[in-house]
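[1] Whatever this is, show me its structure:
(one chain, ligands or ions: 2)
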Amino acid sequence: MARLIRTHAISTDFFILIKVNRIRPSGLIMIISYVHLPIHMRSEFNLAMVLSSYVEGVRELACEILELMAKGLGVPHSFFSHLLRCFDSDSLLRLNHYPPVTLTDTSHSSFQRGTIGFGEHSDPQMLTLLTSNSVPGLQISLGNGVWVPVSPDPLAFCVNVGDVLQAMTNGRFVSVRHRAMANSLPTRSRLSMVFFGAPPPQATITCPSELLQQNQPLYRNFTWAEYKSHTYAHRLGEVRLDHFKIV
Ligand SMILES: O=C(O)CCC(=O)C(=O)O
Ligand SMILES: [Fe+2]
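    Ligands and ions are numbered 1, 2, ... in the order given. So this is what the prediction gives:
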């Protein structure tokens, strides 16, 4: 954990240092960006070193959380975590950049407070660990149109259950629907760094027998590759796990 905090601090500085160019296709309200990485980086900002150390630390943290969940559910210790520890685990690190878009910026005249930057969805993987700089934007859905903002804290992780963990726990843990608002701060970009813990493509997503002693299975077995291709063939906002429900 100490190493994770150290690497997190270095990588946050690193990502703040990178040059950011916004593309503004005429007529388009935008919120799309290039991130340029300087080629001649000082040695302490060696990208590969920082990223692999970060991913190793954040993956370990995700595994520890999954092991605590397994303990709480009374299922074998590494039933969930071993999938993230597999050498061909399909886990992913994503950086999201939300450039400042101000209400007075004429090229964004139709931009309004409340514009969504990243639409409502649940993450398809098992467990998400998200951290951001101190610019707000992330919101969690409580259902019925109620959204709760998550206070941005560069030294904290927001941990979200993903669809696959919902299926593997037979609905005991529910994947959280969330979204990110476009950034209306005039001068600062919002950056989020998201680790998605996922199984290997050919892993079968199934529920442990301990969770089926008094309950019928809610979802049929599927592979992560199958779920992923279903996910990308459907819209972000759909409840994509419903397709695998046993009716
Ligand atoms: O940037 C954020 O706060 C949310 C991003 C997100 O939900 C995602 O990348 O799946
Ligand atoms: Fe997400």
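[2] C-alpha from now on. contacts and neighbour counts both.
    Fine.
[3] what residue ranges in this structure are flagged as low confidence?
    Residues of the chain that meet the criterion pLDDT under 70 lie in 1-46, 102-113.
[4] Near ligand 1, which residues of it are found?
    Counting by C-alpha under 6 Å from any ligand atom, the residues of the chain close to ligand 1 are Asn96, Asp123, Leu138, Arg179, Ala180, Ser192.
[5] The fourth one: what's its closest spatial neighbour, skipping adjacent residues?
    So the one you mean is Arg179. Nearest residue to Arg179 in three dimensions, chain neighbours excluded: Glu120, at 4.5 Å (C-alpha to C-alpha, 6 or more residues apart in numbering).
[6] Name all residues that make contact with the one you found.
    Glu120 makes contact with Arg177, His178, Arg179, Ala180, Leu236, Gly237, according to C-alpha atoms under 8 Å, 6 or more residues apart in numbering.
[7] would you say the third one is within a strand?
    Pointing back at Arg179 there. Yes - counting by DSSP: H, G, I helix; E, B strand; the rest coil, Arg179 is found in a strand.
[8] picking up where we left off before, would the residue nearest to Arg179 count as being in a helix?
    No - counting by three-state DSSP, Glu120 is not found in a helix; it is strand.
[9] how near is it to Ser91?
    Using C-alpha to C-alpha, to the nearest Å, Glu120 is found at 21 Å from Ser91.
[10] just curious, which of the residues of the chain next to ligand 1 is nearest to Ser52?
    Of all those, Ser52 sits closest to Ser192, with 17.2 Å by C-alpha to C-alpha.
[11] Just the buried ones from the contacts of Glu120, in PyMOL syntax?
    Buried members of these can be picked out in PyMOL with the line below, counting by 16 or more other C-alpha atoms under 10 Å:
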select buried, resi 177+178+179+180+236
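[12] And the residue of this structure that's closest to ligand 1?
    Closest to ligand 1 within the chain is Leu138: 4.3 Å, counting by C-alpha to the nearest ligand atom.
[13] those strands in this structure, which residues are they?
    Assigned by DSSP state E, the strands in the chain fall at 19-22, 33-36, 92-98, 116-121, 127-132, 138-143, 146-149, 158-161, 178-181, 190-197, 204-205, 222-223.
[14] need the longest helix for the protein.
    helix 47-73 (DSSP state H).
[15] And that helix, what does it pack against?
    Helices and strands touching helix 47-73, as assessed by 3 or more C-alpha pairs under 8 Å, 6 or more residues apart in numbering; DSSP states H and E, comprise helix 2-17, helix 81-85, strand 127-132, strand 190-197.
[16] how about the shortest one: buried residues?
    The one in question is helix 81-85. Ser81, Leu83, Leu84, Arg85.
[17] Just to check, Leu93 is in contact with Tyr54?
    No - using C-alpha atoms under 8 Å, Leu93 is not in contact with Tyr54, being 9.6 Å away.
[18] you'd agree Val135 is up against Pro152?
    Yes - contact criterion C-alpha under 8 Å: Val135 and Pro152 qualify, at 6.2 Å.
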